[in-house]
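Engineer: Just a sequence and a predicted model for now, questions to come.
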Amino acid sequence: MAAQGWPFLVARGRQSGYAVRLAPDFLIQTHEYGLLEDGTGTQIVANGRTLAVVRAEHTVTGADVGLAEAPRDEHSRPLHLLYGFVCPDATAVRPSDVDMSRTLEIALDVYRRFLADESGFTLAASSPFPLDSTVAALTTPPVERRRVAPYAVAGLVAAAAVAVIAVMSLGGEDPPPPPLHPAPTTSVPRPTVTSIVQTTARPDPGRPGEQNR
């Protein structure tokens, strides 16, 4: 699928100062379209997405707005446009003349409507168009943060508790220290007692928590 670009326009009028007049619809929804007022930089980050930005300047002529002479502001200064397009999930764009011409045409159409009614004009939303430009897409996808379910956390805690109890029960108590002096011997004969010791194999505890995996 071809990369897409969303046109934008930052401009002033005869009485109005510079402001965003056209912005991508998704930036309007998140109220982040003001990032486009910065005339520098090739990237912006909005709502966690990296956007490659292509900008250009244009001085408004009479032909642009259907007038015999170029329009000027209330101080007789020429009017300039900052226009371009943004490309989501990209790091850089090498713009083509085709895309820049199309973007300027869209920007001028919005600017004519703005200049005709500066006080009543509202921010316009742009739609995407397929780019002819060369786009460098992001190579590293964003890291997804996964939530651990509450029952999984409870299971891990219970497993750790069982492991600790098993280690303590199998370890037993430390053997008593040997007597400092040997027990006294007597000449009284003692009965011979045969003791039978039944041994029971103890389970190998292994590493703590290994049985609970």
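Structural biologist: Right, received. Where do you want to start?

Engineer: all contacts plus neighbour counts: C-alpha atoms, from now on.
Structural biologist: Fine.

Engineer: Once you drop chain neighbours, what's closest to residue 106?
Structural biologist: Of all residues not flanking residue 106 in the chain, residue 7 sits nearest, at 7.4 Å (CA to CA, 6 or more residues apart in numbering).

Engineer: Name the residues that touch the one helix or strand the one you found maps to?
Structural biologist: Per DSSP states H and E, residue 7 falls inside strand 4-11. Contacts to strand 4-11, defined as CA atoms under 8 Å, 6 or more residues apart in numbering, come from residues 17-24, 36-37, 80-88, 103, 106-107, 111, 126-131.

Engineer: Now restrict the residues you listed to buried residues only.
Structural biologist: Buried subset of the contacts of strand 4-11 (neighbour count, 16 or more other CA atoms under 10 Å): 19-24, 36, 80-88, 103, 106-107, 111, 126, 129, 131.

Engineer: What's the first helix or strand after the strand holding residue 7?
Structural biologist: Downstream of strand 4-11, the next assigned helix or strand under DSSP H and E is strand 19-24.

Engineer: Can you tell me which helices and strands the very next helix or strand once past that next one packs against?
Structural biologist: Once the chain leaves strand 19-24, the next helix or strand it forms, by DSSP H and E, is helix 25-29. Counting contacts by 3 or more CA pairs under 8 Å, 6 or more residues apart in numbering; DSSP states H and E, helix 25-29 is packed against strand 124-126.

Engineer: Report the strands that pair with the next helix or strand after the strand it packs on, each with its relative direction.
Structural biologist: Sequence-wise, the next helix or strand downstream of strand 124-126 (DSSP H and E) is strand 129-130. According to DSSP bridges, strand 129-130 has the following sheet partners: strand 4-11 (antiparallel).

Engineer: what angle separates the strand it pairs with from strand 19-24?
Structural biologist: Using axes from the mean of the first three to the mean of the last three CA atoms, to 10 degrees, the inter-axis angle of strand 4-11 relative to strand 19-24 is 170 degrees.
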